[in-house]
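[1] Sequence below, structure please.
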Amino acid sequence: MSSKNSIKNLLIASTAGFLLSIFFIAYIGEFVYYNAFKLRENPKKERWVFINKLNKKIIRNSLYAYNVNKENYISRCVAISGDFLQIKAAKLYVNKQVVKSNANYYLYQFTSNKSLSDSLLKYEFDFTEKNINGLYLSHVILHNYQHNYLSKFSSIYKTSRIVKPLTCNKLKNIDFFRSIYIPRRGDKVIFDSSTYSFYAKSNEKIMPTTNNKFYFIAQHDYVFMLNDFRNCIYDSRKFGLIEKEYILGKTPDN
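    The predicted structure follows:
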């Protein structure tokens, strides 16, 4: 009889533990796995992080884990539903206010005796390159600590940093964004061809209007996620707006 009671108590305890773990994961928090190099420059390539699910309110400038295409990412939520966002000369503006950032970017000019476009694309740098009488004149946007990368290229023999705000719009730079609106559920979002490619990344049904404009009625609340290490484009610049439902939870801000 005592053996049966022991088995019964064990089953009850196991069931209670299982239900408690399900409750904890669903409402309190869990460890999620993500590819860390997409957030910062030199962390471990892969890692686990604990996400907090208790606070459902999304706070600007906090780090969150989210899921896109069945893969987990971590980025900073820089804008929420109802905000206007713009990235100009590598500076982030939210509702026309500059958002302070540790990311300091500069425009570098260098000359080399061979094309470096393949190498620069490998590092996902934003650059232009022009062949002038057999020499290659390039402009590249780098973070303040990334200039050391230029020393990897032995063909470069002249380098200078252009110490001024980044205004070179000729660069196809991921850090130049026209003002975009972050929609709330139910908002009618009207936009033109210059921002079509960005809004088209959402799952919303886009309809044409007159005067070469488009619109959709937002079926979700959205946020804009941005990495601290801005040359890693695995964030809203690549994915577009992130549905609030895809946010898994808040992560430690370190």
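
[2] which residues of the stretch 101-250 of the chain score low on pLDDT?
    Along the stretch 101-250 of the chain, the model assigns pLDDT under 70 to residues 101-105, 123-124, 126, 143-147, 161-175, 230-232.

[3] which stretches of the stretch 151-254 of the chain form helices?
    193-199, 236-239 (DSSP state H, counting those that start in this stretch).

[4] can I get these in a markdown table with mean neighbour count and distance to Ser151?
    Heads up, the C-betas are built off the backbone N, CA and C, glycines and all. Conversion of these to a markdown table gives the following (neighbours: other CB atoms under 10 Å; distance: least, CB to CB, whole Å):
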| stretch | mean neighbour count | distance to Ser151 |
| --- | --- | --- |
| helix 193-199 | 13 | 35 |
| helix 236-239 | 20 | 28 |
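
[5] would JSON lines of those with distance to Ser81 be doable?
    Formatted as JSON lines, the helices of the stretch 151-254 of the chain follow (distance: least, CB to CB, whole Å):
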{"stretch": "helix 193-199", "distance to Ser81": "14"}
{"stretch": "helix 236-239", "distance to Ser81": "13"}
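
[6] out of those, nearest to Gln109?
    helix 236-239 (24.4 Å; CB to CB).

[7] Keeping just the C-alphas, turn that closest one into PDB.
    Output of helix 236-239 as PDB, limited to C-alpha atoms (Å, rounded to 0.1, in the frame of the first residue of the first chain):
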ATOM      1  CA  SER A 236      14.400  46.200 -38.800                       C
ATOM      2  CA  ARG A 237      16.600  47.700 -41.500                       C
ATOM      3  CA  LYS A 238      16.700  44.200 -43.000                       C
ATOM      4  CA  PHE A 239      13.400  42.600 -41.800                       C
END
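
[8] if I look at His139, how far off is Asp118?
    The gap separating His139 from Asp118 is 17 Å, by CB to CB, to the nearest Å.

[9] Give me the more crowded residue out of these two.
    Higher neighbour count among His139 and Asp118: His139, with 18 against 7, using other CB atoms under 10 Å.

[10] which stretch of helix or strand covers the more buried one?
    When elements are defined using DSSP states H and E, His139 is found to belong to strand 135-143.

[11] Show me what that strand is packed against.
    Where contact means 3 or more CB pairs under 8 Å, 6 or more residues apart in numbering; DSSP states H and E, strand 135-143 is packed against strand 105-112, strand 126-132.

[12] Sheet-wise, list the partners of that strand with their directions.
    According to DSSP bridges, strand 135-143 forms sheet pairs with strand 105-112 (antiparallel), strand 126-132 (antiparallel).

[13] Redo those as a markdown table? Include mean neighbour count and distance to Lys88.
    Shown next, in a markdown table, are those (neighbours: other CB under 10 Å; distance: least, CB to CB, whole Å):
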| stretch | mean neighbour count | distance to Lys88 |
| --- | --- | --- |
| strand 105-112 | 19 | 12 |
| strand 126-132 | 14 | 14 |
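
[14] Determine which of those approaches Pro252 most closely.
    strand 105-112 (25.8 Å).

[15] Can you name the next helix or strand after that closest one?
    Helices and strands here follow DSSP H and E; after strand 105-112, the next one along the chain is helix 117-122.

[16] Now do the buried residues in that following helix.
    Residues Leu120 are the ones in helix 117-122 that count as buried (16 or more other CB atoms under 10 Å).
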